[in-house]
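>>> next one to model:
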Amino acid sequence: MVNKTHQKQVEQRRAARRAAREAERAAQRRRLAVTITAIVAVLAVVGGVFLVIGLGGDDDAPAANPSTSPSAPVSTGPASAENRATSIPAALFPAPKRVTPLPAEVDCTYNKGAEPASKPVDAPANGKTPATGTTPVTLATTIGDLKFTIDKAAGPCAAKSFLSLVGQKYYDNTECHRMTVGKGLQVLQCGDPTGQGSGGPGYAFQEEAWKELKYGRGTLAMAKTQAAASTGSQFFIVYGDGSGLTPDYTAFGTVDAASLKKIDAVALKGVTPVNGPGDGKPITPVKITSATAAS
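Okay, here's the model as predicted:
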């Protein structure tokens, strides 16, 4: 009887120890789950902040552009599918055209920017500006010549600023710092002498978009920040799908088909992501060596 009682007590102690160990393991699992959940939540917040910060900047690209852009990591091989264009529309999009034409002249005002110019440059003169006519511009780049047609009827103040910057050699020896390759947003962004996405000309002006404005293959438009009247020197070329863009960016011209094919080749090579998958620095560098406008 004593032996049986002792054996039973031993089994009870063993069962109690097993239960305690299982309880501790369960508690550890719960603590781990809470920790992981907290980490995920923090990462989600940080990721959101990164997107907000990474898409701020002196001139914001469509939907995004870095204010203090981190240095892009060095690519060690071909871009993954999410970081290169896999489908690019072939047809040119209609040139931007206002539903209601502007008068022959409009008033343009170029205000001093919050940050100094990234490269010495004078702001255009304020006042009346023609809202008719076109001007051809050629960017000599490391991927070949890119040919624009600047349309003053679409964005007269942007056209005046852009042609002024071209004339002052502001865009010479600058690198296109950002490319997006995903569905809805396929653009190449240039115009920041710092190459980081945060630089500008030291002045800013009002956007000239209209609610019916749409963007597509061949549209040339100005970048901006999320704030109003923040257009500066940065511009972007929609080489493919622009359906994800809202009508907030001044369209002021077009890019010809031959130039777009050169940009296509860069997009197919891909990007080193900086602002998220499919959004970063082109693996094939695009450097503007000179910009000239037809006289």
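
>>> drop to CA atoms for contacts and neighbour counts, all remaining ones
Fine.

>>> which residue packs closest to S290, ignoring adjacent ones?
D172 (4.3 Å; CA to CA, 6 or more residues apart in numbering).

>>> wait, a strand at that neighbour?
No - read with DSSP: H, G, I helix; E, B strand; the rest coil, D172 is coil and lies in no strand.

>>> what score does A16 have for pLDDT?
pLDDT recorded at A16 is 62.

>>> hmm, I was thinking of A79
On the pLDDT scale, A79 gets 85.

>>> dump the residue contacts of it.
Going by CA atoms under 8 Å, 6 or more residues apart in numbering, A79 touches K269, G270, V271, T272.

>>> can we see that at 6 Å?
By CA atoms under 6 Å, 6 or more residues apart in numbering, A79 lies in contact with G270.

>>> do I150 as well
T134, T135, F252, G253.

>>> please indicate which of these are buried?
T134, F252, G253 (16 or more other CA atoms under 10 Å).

>>> double-check the residue nearest to S290 against T292; I have them as touching.
No - if you go by CA atoms under 6 Å, D172 and T292 don't touch, sitting 9.3 Å apart.

>>> now do the same contact list for the residue nearest to S290.
So D172 contacts I288, T289, S290 (CA under 6 Å, 6+ apart).

>>> got CSV for these, with secondary structure, neighbour count and pLDDT too?
CSV is the format used below for the contacts of D172 (DSSP: H, G, I helix; E, B strand; the rest coil; neighbours: other CA atoms under 10 Å; pLDDT from 0 to 100):
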residue, secondary structure, neighbour count, pLDDT
I288, strand, 22, 98
T289, strand, 16, 98
S290, strand, 17, 98
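
>>> of these, closest to S87?
Each of the contacts of D172 was checked against S87 using CA to CA; the closest is I288, at 25.6 Å.
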